[in-house]
Every structure is written in C-alpha cells, then in structure tokens.
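>>> quick one, fold the following:
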Amino acid sequence: MIDVLDQLIAIARFRLGIVTTLDLLDLLLVTVVTYGLLSLIRRSQAAALLRGVLALMLVLITITLLLPLPTLDWLMTGLVMALLITVPITLQPELRRWLEGLGRSRLFLRRQRELASHIAPPLRKVIRQCSDQGMGALIVLEGQDALDEVIETGVRVDARLSAELLNTIFFDKTPLHDGAVVLRKDRVVAASCVLPLTQQTLPSYRRLGTRHRAGVGLSEVCDALVIIVSEETGHLSLAQDGRLQSRQDVEQLQQLLASFFSATIKREKPRVERSLGAVMIGLGRSLLYVGSALFLAALMWATTLERTNPTAELTLSDVPLRVDGLPSEMEILSALPETVSVTVRTTDDSADTLNADSFRAAVDIDPSQMQLSRLPVSVTTGVEDIEVLAVSPSEIDIDVVPVVTRTFSVDVHVTEQDTLSDAYELTTVPEATPGEVVVRGPHPFVDAIGMVQAEISVANATQTIQRTATLIALDVDGAEAAGVTIEPSQVQVTVSVERREDVHEAAVNVITTGTPPDGYWLSAIQVEPATVTLVGEPDVLAALTGYVDTLPVDVGAAYGTLEIGIPLDVPNDVQVLDASGSSVQQVQVSLQVAALQGDLALTLPIEIQGGEGMTVTLSSDTVDVLISGDLPALWDIEADASLVRATIDVAALAAGESADVTPVIVLPHGVEAQLVHSAIAVTVDVPADTDDVP
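Below you'll find the predicted structure:
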C-alpha cells in the first residue's frame, strides 16, 4: 500500500512538472464546472442522493488507484460513464433554472420589467373581479425552480394569459376552479393543480384556509410567487420563501411582479444581522465547496490524462557515455563503460519517439582531482515530458592521471636467424632510422616501459634487408605495454646480409646410368637433402658450379621404387653440410620406375553361362573391347588372347523371356576394359519335346 501511494505521489509530481498553460486552463474550466454542479447539487432535491453517489464513487476511485483491481477498474469506468449520463437527467430542473438564470442578468432586466408590466393588468383585473364576486383564486408564478411536478397534478392548458381565461377557470361552476393555476411567464400552463400544504401554524384570527396553507406550502419548497385571493374576505395575499404577506395592495402588484422577475439566479433571503461566527461558518462552507470542486476537478483531470495518455516507465540501454572537463594533459587510467542504461518516466505519446540518442550521459571531471574518485553520471535530454528515474551505473570510479612523454632508443630485434643459410651472415649491427622515438601516455604506463623494439625477420635472406618495422613498447618483463602511443610508430630498419667467402651453396644433381627395361621409364627422382652447403678454401669453391653431382646410379634393372644412399662427387678438401650444419657423407636418392601405358583393341567371342537345357539366341556372338593399361600386360594379352574373356549369365532369365544384357569382361591385373557396344539382346527358348529312341 505504501509503495502504491509513493508511486501515485511520484506520478502526480511528474504530471505537475509537465503542466502546460493549456492544461492549467483545462483544469480551471473543469473546476468551474465542478463547482457549479456542486452548487446545484447542494440546493437540489436530489442533493442527498447525488452526494451519496459522489462519495461512493470517490471511495471506489481511491480503492482502484491504491490497489491493482482490474475488474473494479473496469466497473468504475462504466459507472463514471453512467454518472455522466445520469447527472444531467437528475439535475434537469436545476440545470434549466441555471440556464434561465443566465438570461436574468442586468442585460435582461428591461425584458423582465416589460414582462411584469405585461401580466400585471390582467392579474389585477382578475383579482378585483374575484374579490368583488366572492370567488377564491390561487395563482402560482413560476420562478427559477421548475414546477413540472406541480403541473403534472393539474390539467394542461398552455394558453396565453388573459383576464377572461382566469375568470373562466376560477368561476365556481367550472370543473377547473378548485385548485391552483400555474403561470410560466405570460402563459397559463395548467389549472386545477394540487399544491403541498404547509406544516406551519398559521394565525387562526386571520381566518386562513386550505388555499392559504397550499400557497405557503409551495413557497417553502421552491422560489415561486403564489397569489392568493380569499373567498371569505376577498383580501389579496402573497406567499414567497415560506412567508405569507396578507392584505396586499392590488395596485402594488406590478411593482411586486417586477421585483420577483428581476431576482438573480441565486435568490437571497431577507438580510439579517449575522454574527462573526456565522460569517466564518459561511466562508468555511464556501471554501469547502471550492476545495471540493478543485479536488474533484484535479482527480478527473488526472484520471482522464492517465487514461488518454498514461504515464510509462521506460528503460533505454546503450546510451553513450561521455567524459566532460578532462584536460588535454590528463588521461583516465581506469576503464569506463561505453554506455549506460537510463530509466525514465514519460507518457505514451513521448515514449514512441525515444531512443538512446535522445539522452546525453556524461561524467564531469574536476581538473583539481588527480586521484581515484567516484563521480556521478548525469543524464540530460532535450525531449519534454520526461523525468529521469535511475541511471545504471549511477556512479563510476575514475582514476585521472597526468600524461607524460619520454624518449627511448629503438632496439632492433632480429628473428629467424636460425633459418639463415650457412653461406650468409650478418656483417653489421642492425640499425633503425630514426634511432630514438617519443613515448606518450599515462605516467604509470610510461614508467613501466623497459624498451621500444622494432622486430625484423631474416628468414632465408641472401642480401641486405631494408624494411619498415612497426614499433612496440615492452615492459621490464618483456610483455607488450598497452595504453601508450609511440611517435613515430614506424622506423626504417637496415640489416646487412652478405655471402661468406669460405662457404658455397649447391643443389644436389643425381647422376643415373643405364636404361629401364622395355615398357618402363624413369618417372621421378627425389633427393634428400636437395641442397647442401660446401665449406672449403675460397679458390676451390670458386671453381665449383651451382650444383654438385652424386656418384652414378644404375637404373637398368630397376622396377617400381628404388631408394639408395649415394655419396657426392666433391673434392677431398671440401666439407659437405646439411641445413642443420651436420656433415653429410651421402644423400638419400629415391627413384620411381613406372610402366608405360597403352591401348589394345580386341573382338571377343561371348561365352554363355547358365541356361542348361535351353536354347539361347544372341543379337551378336562377339563384342568389341578396348583394353587400356601397362604395356607389359598388354603385350601378354596380345600374345595370349585367352587372358581376356567376355561372358553373359542367362540363369536369371525365364524360358521365353528376352532382355538386353551387358557382357562381363574378365581381365588380368593392371588393365581396364571399355565395351564399344555395352548391351546384347538375349532371347531364351525351350526346345520341343522328342520321343525317346530305344
């Protein structure tokens, strides 16, 4: 419950914070209308009923706001709509009088005086005639309060006022003479109407009867003016505001009528001297009604806004975070999040237009702080109707340190020297241009740097190298340092690589003798190592070429793969080394002797398999075959054609059945066959039965 109240208070505070001039005008007009309705309810006959309904609605609305009750919320919506329809119907007389009262301002006083002067003469005439003839009369002039209920008790006339009409009605021989006549302005609305009797005790010495009691009784419940002519005495009496004024002068009737019709919408009772306490009580009641009207108007205004454009809480992630106030000679050492999450309260209309770019999240740094500090994250936005509720993270630890510079000599690190041929060597110390660079960054990072290094590879180099190398900063442990910049970031590195005079590199050349057997050829030669380093006197090495021969290898009787170790043919005073620097006594040679390939075309007879006791008919008794493979195998086939056979198996065919069958070619190893015509038509017949011969 407390959380709900806090939420409602927060929403109300948010709504008040985004109030516009039009909202204030809207609230003011709703307050005025509500105050007018409360005033009507206070003086209406349905006041108690409507006050009870409003009290019940207020209680239900409060419960709906405080508790999440969806069914009651739905019911409240229906009740409010029903109330908006019911109130005008219930307060129809009061609303009618109020609207009529708008016409009774000073701008219409002249019209009211004309009305009084228009109806006064026929009324005076009727009053005199009734008085002279001894007839009683009861005439009701409708004021601000509608007399529809009274009119319904009589007979509708709805005729223009005239003395003759009233004389006819009050004549004691007519059916309508008993009862009251109701006048609405200058028209006779109804006759023979029944009026409520007063409960007051009227003075008996005045010989007042039912007609007087009815006139006073009606004036007690409405603001009508009742004219009474006594049947016994013929005297004229007036009843108004629950008081009876006897023995009135008929000549003053027009003045009395003008005063009656010119009354304001809120008719005041006769002024009496009021005490200070009474004044304070009246002022307090007025303030109470004004406050109630303002409260109800604010409640309706807020409820309407919440339903048409409700408030919503929205969380936007990935709002970019920036740092303000950081001097150029300082740098943040700690890692900062790139974005933050922002939770806001807004309206549905504004929520659809929001994104991460609608906000600006920043951390303001005080330049005087040179140490770790926890700073709040501030969020601003240019969008209206938004309240920032929370920021995550709301605070960030920031370590601000000064930025320093330091000069370092460039250290050139040569890599892959082990792959450098023994015939080549580095003749000078590697150089970097420029030789010194400037490192800039936070002082803890710069102080931790041990060297600035340029790395260059000399793998398989045979001449001087000049390359551009990217610099890296290394700490005292040899690890790459982060968070610093090197100016310039690249240098030109020169590494002198020259050939040694007492070393000579040469490729190994395998010398073969003899010829492979017929049908075979030397298809591949491999040697390991393929190159060797020769070490000796410079004048001896100068006489050598770029390759060194092996001793001869005889391939005359070689078949398949021949692997053999063969010494190199080099001078006795020359040492042979492999890539690892080990002495080489002989090289390993691998020779591949492969058979030559060829083709052979044959026409083979077809052999029938299966089908014992059946007659088999073939579309062709022979088949053409192309044989491909090693020449020695082809030569054997050519010498003995029976090594290749073509067969057809008819065991799966039934008697009388025909089918296309592909012959099966039986071949020796090392060759392949391809049929020129792949399918043979085969027909199986059963021979006719014959008598046994004895």
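>>> in the stretch 401-550 of the chain, which spans are helices?
Per DSSP state H, counting those that start in this stretch, the stretch 401-550 of the chain has helices spanning 443-447, 538-542. These are given in chain order.
>>> any idea which of these scores lowest on pLDDT?
Taking each of the helices of the stretch 401-550 of the chain in turn, the lowest mean pLDDT turns up on helix 538-542, with a mean of 79.
>>> show residues contacting it.
Applying C-beta atoms under 8 Å, 6 or more residues apart in numbering, the external contacts of helix 538-542 come out as Glu501, Asp502, Val503, His504, Leu534, Pro571, Asp573, Val574. The C-beta positions use only the backbone N, C-alpha and C, and glycine is treated the same way.
>>> pull out the buried residues from it.
Of the residues in helix 538-542, those buried under the neighbour-count criterion (16 or more other C-beta atoms under 10 Å) are Leu541.
>>> and what of stretch 407-421?
Buried positions in stretch 407-421, judged by neighbour count with 16+ other C-beta under 10 Å: Phe408, Val410, Asp411, Val412, Val414, Leu420, Ser421.
>>> and if you look at stretch 598-614?
Across stretch 598-614, burial judged by 16+ other C-beta under 10 Å covers Gly598, Leu600, Leu602, Leu604, Ile606, Gly611, Met614.
>>> and the fourth one, which helix or strand is it part of?
With secondary structure defined by DSSP states H and E, Leu604 is part of strand 597-609.
>>> pLDDT averaged over that strand - what is it?
Average pLDDT, strand 597-609: 89.
>>> who wins for proximity to Val126 among the helices of the stretch 401-550 of the chain?
Distances from Val126 to each of the helices of the stretch 401-550 of the chain were compared using C-beta to C-beta; the shortest belongs to helix 443-447, at 114.2 Å.
>>> can you spell out which helices and strands pack onto that closest one?
strand 395-415 (3 or more C-beta pairs under 8 Å, 6 or more residues apart in numbering; DSSP states H and E).
>>> now do the same for Pro203: its pLDDT.
According to the predicted model, the pLDDT of Pro203 comes to 66.
>>> for the helix or strand Val391 falls within, packing partners?
For Val391, the enclosing helix or strand under DSSP H and E is strand 386-392. The elements that strand 386-392 packs onto, with contact taken as 3+ C-beta pairs under 8 Å, 6+ apart, are strand 339-347, strand 378-381.
>>> please compute how far it lies from its chain's middle.
A distance of 18 Å separates the centroid of the chain from that of strand 386-392, by C-alpha atoms, centre = their mean, to the nearest Å.
>>> so how far is Val414 from Val576?
Counting by C-beta to C-beta, to the nearest Å, the gap between Val576 and Val414 amounts to 28 Å.
>>> also Gln245?
Relative to Val414, and taking C-beta to C-beta, Gln245 is found at 131 Å.
>>> again, but for Val527
From Val527 across to Val414, the span is 32 Å (C-beta to C-beta).
>>> can you check Glu142 too?
When distances are taken as C-beta to C-beta, Glu142 and Val414 turn out to be 120 Å apart.
>>> check Glu331 too.
With the distance defined as C-beta to C-beta, Glu331 ends up 34 Å from Val414.
>>> and if you look at Pro529?
Counting by C-beta to C-beta, the gap from Pro529 to Val414 is 25 Å.
>>> sorry, back to before: most packed of the helices and strands packed on strand 386-392?
Looking across the helices and strands packed on strand 386-392 with neighbours counted as mean count of other C-beta atoms under 10 Å, the highest average goes to strand 339-347: a mean of 20.
>>> alpha carbons of that strand, in CSV - could you do that?
Coordinates of each C-alpha in strand 339-347 appear next as CSV, following Å, rounded to 0.1, in the frame of the first residue of the first chain:
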residue,chain,number,x,y,z
THR,A,339,27.2,3.1,-22.5
VAL,A,340,24.8,3.3,-19.6
SER,A,341,21.1,2.3,-19.0
VAL,A,342,18.6,5.1,-18.3
THR,A,343,15.2,4.5,-16.8
VAL,A,344,12.7,7.4,-17.3
ARG,A,345,9.1,8.2,-16.6
THR,A,346,7.2,9.7,-19.5
THR,A,347,3.9,9.5,-21.4
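>>> distance from the chain centre to the following helix or strand past that strand, please.
Moving toward the C-terminus from strand 339-347, the first helix or strand encountered (DSSP H and E) is helix 348-351. Relative to the mean C-alpha coordinate of its chain, helix 348-351 is positioned 13 Å out (C-alpha atoms, centre = their mean).
>>> would you mark the buried spots in helix 348-351?
Judged by neighbour count (16+ other C-beta under 10 Å), helix 348-351 contains these buried residues: Ser350, Ala351.
>>> contacts made by that helix with the rest, please.
Residues from elsewhere that reach helix 348-351 (C-beta under 8 Å, 6+ apart): Asn309, Pro310, Ala312, Leu314, Val383, Glu384, Asp385, Ile386.
>>> quick check, nearest of those to Ile151?
Distances from Ile151 to the contacts of helix 348-351, taken as C-beta to C-beta, are shortest for Asn309 (47.6 Å).
>>> residue contacts, the closest one?
For Asn309, the contacting residues are Thr347, Asp348, Asp349, taking C-beta under 8 Å, 6+ apart as the criterion.
>>> so which of those residues would you say is closest to Pro393?
Distance to Pro393 across the contacts of Asn309 (C-beta to C-beta) is lowest for Thr347, with 26.9 Å.
>>> show me the contacts for the closest one.
Counting by C-beta under 8 Å, 6+ apart, Thr347 makes contact with Ile18, Asn309, Pro310, Thr311, Ala312, Asp385.
>>> which of those residues fall within strands?
When strands are assigned by DSSP state E, the members of these inside them are Thr311, Ala312.
>>> how about the contacts of Thr347 in CSV, adding pLDDT and distance to Asp685?
Formatted as CSV, the entries for those read as follows, by pLDDT from 0 to 100; distance: C-beta to C-beta, whole Å:
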residue, pLDDT, distance to Asp685
Ile18, 67, 107
Asn309, 71, 99
Pro310, 76, 97
Thr311, 77, 100
Ala312, 76, 95
Asp385, 76, 103
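>>> ranges for the strands of the stretch 101-250 of the chain?
Applying DSSP state E, counting those that start in this stretch to the stretch 101-250 of the chain gives strands spanning 137-141, 155-160, 180-184, 187-193, 225-229, 236-240, 243-245.
>>> any chance of those in TSV, with distance to Leu257, mean pLDDT and mean neighbour count too?
Written out in TSV, the entries for the strands of the stretch 101-250 of the chain read as follows (distance: least, C-beta to C-beta, whole Å; pLDDT from 0 to 100; neighbours: other C-beta atoms under 10 Å):
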stretch	distance to Leu257	mean pLDDT	mean neighbour count
strand 137-141	7	92	24
strand 155-160	17	90	12
strand 180-184	10	92	24
strand 187-193	15	92	20
strand 225-229	8	91	25
strand 236-240	10	88	22
strand 243-245	14	85	15
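>>> quick one: closest of these to Ser496.
Judged by C-beta to C-beta, the one of the strands of the stretch 101-250 of the chain that comes nearest to Ser496 is strand 180-184, at 126.8 Å.
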